[in-house]
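[1] Need a 3D model of the following:
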Amino acid sequence: MKASYKKYILNFKLPAGTSRGVLKTKETFFIKISNNNKSGIGECSVFRGLSYDDVPNYEQKLQWVCNNINLGEDELLKELTHYPSIQFGIETAFLDLKADKSMVLFPSNFTNCKDSISINGLIWMGEFEFMMSQISEKLKLGFNCIKMKIGAIDFDKELEMISNIRKKYSENEIEIRVDANGAFNKNDALKKLKLLAKLNLHSIEQPIKQGQELEMANLCKHASLNSVLDIALDEELIGVIDLNDKIELLNNIKPQYIILKPSLIGGIKGSLEWIKLAEERGINWWITSALESNIGLNAIAQFTYTLNNKMHQGLGTGSLFTNNITSPLFVENGRLFYNNNIDFEDIDF
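    I've put the predicted structure just below:
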C-alpha cells in the first residue's frame, strides 16, 4: 500500500460568523490510500482553534501516517488517539478503498437515491438584518428546522429575532435550535436560558464554555427539573478520549442531548462509542458536520443514515464554499439527497 496527503483551503462565499470569530477560509487535508490499482480518499478536517489535534506537528503526523500506512487501519488508529480528524480520514479512506463503488462507503437507500436525511438550516451570526435575511431564505427553501448561532450580537436583538419567527410560525411548524458555542457567562446563563425557553425552542448547544463541569451540570439539572430548555453538549466532548472519562462526563453533567462531530471526536468509532454510552443513559443525540468539504460530508451523511436517527441532523450542504469538491449531494426542502448520476470531482494528488 501507498499513501499521500494534500492540503486544501476552502474559501467561504461569505464570512461565517461564530462566537469565536469570523471565518473566511477553512483548512483541510485529503489523504489517499492506494493498493493494487485501487484507491480510497478520506478527509482529515482539522478545525483550527477548536480541534483537539490543532497542534504544530499536524502535517508531520499526516506524513508519518503515509509513511507507515502498511501498519494497517487498526494499528494506525491506535497510534492516532490524539488526532481525531486524522482518525476519521483514515477510517473513511480505508472504507473507500474497500468499497465496490468509489465514495459509496455505506451502501443504503440513501446512496441508492431512494431516501434522504432531514437536516437543519444553519443561520450564521452577523448583524441583525443579515441574520433575518438568512432566516427568511431558509424558510423559503422549505426548512422546518433552523439552527441559529447566537452570542455574538446583543442578546435582546437575538431574542427579538427568534420572537419574530415565533409570531409567524409555531413550534410545530418550525423547530428552532440555538447554538451559543460557549458564549454565555456562567453567572447569567440560567437567566438567558429562561428567557429563551419562553420562545418554545428545541434546545441550546453549549451555553457556557466547556470545562465548567459543575456549572454545566447545574444548568442541565435545572433544565430537566423545570422543563426550561434542553441542553446539548458539543465542544464539551472534544478532547475527552478515555472511555472512563466519557462515562464520568455523561454521569456528572447528565445532558439532554449530545452532538457528535466525527472529525472532532475520534471518527466513526469514536462517534459510535459516544452513542452507546448516551443511549445507555437515556441521552438523545444527533450528528453534525464541522465544515468539512463534500468529501468528509459525504462520509458523515452516509454514516448518519445507517444510524436511523429520525431527528434533524446538522449536516452542512457544502454550499458555503466557492471551491468545494463537486459531489452527488444536494438539498431540497430541508432534506439532504444523493444523486448517484453525479460523480465526485477528481482530486489531484
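[2] Phe330 contacts Ser319, doesn't it?
    No: look at Phe330 against Ser319 with CB atoms under 8 Å: they stay out of range, at 9.1 Å. The C-beta positions use only the backbone N, C-alpha and C, and glycine is treated the same way.
[3] neighbour-wise, which of those two wins?
    Just comparing Phe330 and Ser319: by other CB atoms under 10 Å the higher neighbour count belongs to Phe330, 15 against 12.
[4] Could you count how many residues lie near the spatially closest residue to Tyr305 that is not a sequence neighbour?
    Excluding the flanking residues, the one nearest Tyr305 by CB to CB, 6 or more residues apart in numbering is Phe110, at 4.0 Å. Residues contacting Phe110 under the criterion other CB under 10 Å number 20.
[5] ok, now which ones touch Phe110?
    Contacts for Phe110 (CB atoms under 8 Å, 6 or more residues apart in numbering) come out as Ser116, Ile117, Ala301, Gln302, Tyr305, Tyr338.
[6] and these as TSV, adding pLDDT and secondary structure?
    Listed next are the contacts of Phe110 as TSV, based on pLDDT from 0 to 100; DSSP: H, G, I helix; E, B strand; the rest coil:
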residue	pLDDT	secondary structure
Ser116	97	coil
Ile117	98	strand
Ala301	98	helix
Gln302	98	helix
Tyr305	98	helix
Tyr338	97	strand
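[7] which one of the residues you listed has the most neighbours?
    Neighbour max across the contacts of Phe110 (other CB under 10 Å) = Ala301, 28 neighbours.
[8] shouldn't Lys2 be in contact with Ile33?
    Yes: contact criterion CB under 8 Å: Lys2 and Ile33 qualify, at 7.4 Å.
[9] Give me the common contacts of those two.
    With CB under 8 Å, 6+ apart as the test, Lys2 and Ile33 both reach Ile69.
[10] element containing Asn324, please.
    Taking DSSP states H and E as the definition, Asn324 sits outside all helices and strands.
[11] how about the helices of the stretch 151-300 of the chain, start to end?
    Using DSSP state H, counting those that start in this stretch, the helices found in the stretch 151-300 of the chain span residues 155-168, 189-197, 213-226, 243-253, 267-280, 294-306.
[12] Leu97 and Gly40 touch, don't they?
    Yes: with contact defined as CB under 8 Å, Leu97 and Gly40 form a contacting pair (3.0 Å).
[13] so what's the backbone phi/psi at Asn339?
    phi -110, psi 100 (degrees, to the nearest 10).
[14] which residues touch the helix or strand containing Glu129?
    Here Glu129 sits within helix 128-140, counting by DSSP H and E. The contact list for helix 128-140 (CB under 8 Å, 6+ apart) reads 121, 123-126, 146, 148, 153, 157, 160-161, 164-165, 169, 174.
[15] helix or strand right after it?
    With secondary structure assigned by DSSP H and E, helix 128-140 is succeeded by strand 145-149.
[16] Buried residues in stretch 342-349, which are they?
    Phe344 (16 or more other CB atoms under 10 Å).
[17] about what we covered before: distance from the chain centre to the helix holding Glu129, please.
    21 Å (CA atoms, centre = their mean, to the nearest Å).
[18] Nice, that's everything, thank you.
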